[in-house]
Each structure stands twice: as structure tokens, then as C-alpha cells.
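1. fold the stuff below for me.
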Amino acid sequence: METLRILCFGNTLHSDDGIGSAIALRLQGETLPTGVEIYDVGISGLNALSLFEGCTAVLIVDAADMGLSPGSVRFVSPRDISVDENADHMGGVGYLLQAVNAVTKPSPDIVVLAVQPAVYQRFSPQVSPHIDASLDKIVTTITAYARRHTLVKPERQRYPT
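-> Below is the predicted model:
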């Protein structure tokens, strides 16, 4: 069976960097196709390496400063993520992607959904009002992506234990 894993990264202690956790929480209430798994990986870094095994595709969701309006999203290639980007994530998502490329065979198809933050503020455990207001739109984008990338009918999502 096709499996799409949605890995939501972010540090909930640093304002909009916690966008991944906020998105994962919202996705739990959505009806998603069978074969879609959602993980709130926080700042797991290399500890998330095993989540790239045994699946056909991975969508990484993370905050990234792209110079856009807060809450804007862009699908980007993993090749466009620099190694030192988001160093708070135990080596960063870029470093994790290099590790996946080196050790995960066969490697799943990987796409990154970058979300433009409004604020990065250390030890501020809430996303900004701009990001909070954008969550529904972002979740709609992700659920549409999940439906396009799976071949089975939607049903209530079951979360891995």
C-alpha cells in the first residue's frame, strides 16, 4: 500500500517556529485518505530518520523565512533546503535530508512545504496571530496534497501509536 508520511517540524517554545506542531494538531481533526500518517516531530532532527523508512512519500512541513507574507506557503524541493537551515532541530532539516539521502534505500519521494513565519521569538510558546489565522488555509493545502498523492478513498485518519 502507498504510504504518505506528513512530518511536521518546529520548536513550540519559539513562536512561529512551532507552526509544525500547530498544523499536526489541526490535521488530527481532518478526514484524510488511508495510508496518510501524521507525525508531530518537533525538533527531533536525526531522530526522525527512521520515519523515512517503509513509506513511499514524505511531506515535510516547517517554518522557513522566504521573504513572503506571513502564513504564505511554498512547495520546495529538498535540494533547496540548506544544511545549516533551522539549526535548532538537532542539525536541522537540511542535515536530516542529507542523512536520508545517504542511508535510506530506497528513499521515499520527499517534498517540503515551507510556511512563512511572522515572528521568531525565543521562549514565546504560541504562534503569532498572523499564523494562527492562516492555519485553516495551510491545512486545506496539506489535505489537498494528501488526496492527490494517495490512491484510495478518504476515511477517518488512524494515527500510529
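2. out of the helices and strands in this protein, which is least certain?
-> Within the chain, no helix or strand scores below strand 154-156, which has a mean of 46 by mean pLDDT, DSSP states H and E.
3. residue boundaries of the strands in the chain?
-> For the chain, the strands defined by DSSP state E occupy 4-9, 31-33, 36-42, 57-63, 73-76, 109-115, 154-156.
4. tell me which of those sits most buried.
-> strand 4-9 (a mean of 26; mean count of other Cβ atoms under 10 Å). All C-beta atoms are positioned from the backbone trio N, CA, C, and that covers glycine.
5. distance from the chain centre to stretch 71-86, please.
-> 11 Å (Cα atoms, centre = their mean, to the nearest Å).
6. I'd like the average pLDDT over that stretch.
-> Average pLDDT, stretch 71-86: 83.
7. kindly report the same for stretch 11-21.
-> The pLDDT scores in stretch 11-21 average 91.
8. so how far is P125 from L96?
-> Going from L96 to P125 by Cβ to Cβ, to the nearest Å gives 24 Å.
9. so for those two, which residue has more residues nearby?
-> L96 (28 against 11; other Cβ atoms under 10 Å).
10. ok, now which ones touch that one?
-> Contact partners of L96, counting by Cβ atoms under 8 Å, 6 or more residues apart in numbering, are 45-46, 48-49, 89.
11. quick one: which of those has the most company?
-> Comparing the contacts of L96 by number of neighbours (other Cβ under 10 Å), H89 comes first, having 25 neighbours.
12. check that residue and give its pLDDT.
-> Reported pLDDT for H89: 45.
13. now F9, which residues is it bridged with?
-> Beta bridges link F9 to G42, judged by DSSP bridges.
14. I'd say it and Y39 touch.
-> No - assessed by Cβ atoms under 8 Å, F9 is found out of contact with Y39, at 9.5 Å.
15. joint contacts of those two?
-> Each of A48 lies in contact with both F9 and Y39 under the rule Cβ under 8 Å, 6+ apart.
16. of the strands of the chain, which is nearest I131?
-> strand 109-115 (7.6 Å; Cβ to Cβ).
17. good, we can wrap up now.
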